[in-house]
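Participant: build me a model:
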Amino acid sequence: MLTQETTGLIIIDVQGKLARIVNESEKLVSNLEKLIRGCQMLSIPIIYAEQNPKGLGSTIPEIGKLLSPQKPVEKYTFNAFENEAFKKAILESNRKQWLICGIEAHICVYQTVLGLLSHNFEIEVVADCVSSRSKDSVELALEKLQNKGAGLTNVEMCLYELVKDSKREIFKEILTLIK
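Facilitator: Residues are numbered from 1 along each chain as shown. As a prediction, this is how the structure comes out:
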């Protein structure tokens with residue numbers, strides 16, 4: 001079960017033209033915006049990465065403005081956890097559970113999840129917040145990740161899990177965000 005005190009959010013490579021051509025791009029961006037806002041309302045720490053930003057471009061404006069003034073971790077390894085700055089941010093957060101979203105599901109998201117699992121982190125892939133150029137690649141990645149120990153969730157499910165109680169003040173804000 002996710003808890004507000006032990007959970008963080010990782011956003012992988014929602015960049016440039018690639019973010020616009022992945023399967024169901026508009027839905028992905030909309031869901032990412034909800035997830036980011038919800039995590040911010042709940043004071044969940046967020047770490048985001050960019051793969052080779054000079055080649056792929058920077059994080060798309062809709063997501064970048066939500067994360068400002070925070071800066072992304074620039075990486076070149078597909079597994080973000082192999083990047084020292086990323087690894088340091090994860091370890092310094094003192095979070096053991098991580099929600100992971102981004103692109104591409106079958107490459108950087110997949111390899112980052114495996115890297116984190118191999119270091120005993122609990123991982124929930126936010127299934128409606130990951131994509132790849134093909135739907136088949138997303139389905140394969142989610143199936144393999146689940147078989148290797150990652151959990152699957154979606155935006156609504158994880159935010160409600162983090163809120164836990166409809167009597168909390170934050171619940172109405174989250175409800176408005178989701179609806």
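Participant: CA only for contacts and neighbour counts going forward, please
Facilitator: Noted.
Participant: show me where the protein has strands.
Facilitator: Under the criterion DSSP state E, strands of the chain are mapped to 7-12, 46-51, 73-75, 97-103, 122-131, 151-153.
Participant: so for residue 26, which of those sits nearest?
Facilitator: strand 122-131 (10.8 Å; C-alpha to C-alpha).
Participant: quick one: buried residues of stretch 37-56?
Facilitator: Under the neighbour-count criterion of 16 or more other C-alpha atoms under 10 Å, stretch 37-56 has 37-39, 42, 44-53, 56 buried.
Participant: same check on stretch 12-25?
Facilitator: For stretch 12-25, the neighbour count (16+ other C-alpha under 10 Å) marks 12-16, 18-20, 22-25 as buried.
Participant: what about the nearest residue to residue 110 once chain neighbours are set aside, distance to residue 101?
Facilitator: Nearest non-adjacent residue to residue 110, counting by C-alpha to C-alpha, 6 or more residues apart in numbering: residue 141, 6.3 Å away. Per C-alpha to C-alpha, to the nearest Å, residue 141 is found 12 Å from residue 101.
Participant: which one among the buried residues of stretch 37-56 gets closest to residue 78?
Facilitator: residue 51 (7.5 Å).
Participant: does the closest one touch residue 75 like I think?
Facilitator: Yes: counting by C-alpha atoms under 8 Å, residue 51 touches residue 75, with 5.0 Å between them.
Participant: ranges for the helices of this structure?
Facilitator: Applying DSSP state H to the chain gives helices spanning 16-21, 25-41, 53-56, 61-67, 84-93, 110-117, 135-147, 155-163, 169-178.
Participant: what distance do you get for the residue nearest to residue 33 when sequence neighbours are not counted to residue 131?
Facilitator: Leaving aside its sequence neighbours, residue 33 sits nearest to residue 63 (C-alpha to C-alpha, 6+ apart; 6.6 Å). Here residue 63 is placed at a distance of 15 Å from residue 131 (C-alpha to C-alpha).
Participant: do residue 109 as well
Facilitator: From residue 109 to residue 131 the distance is 9 Å (C-alpha to C-alpha).
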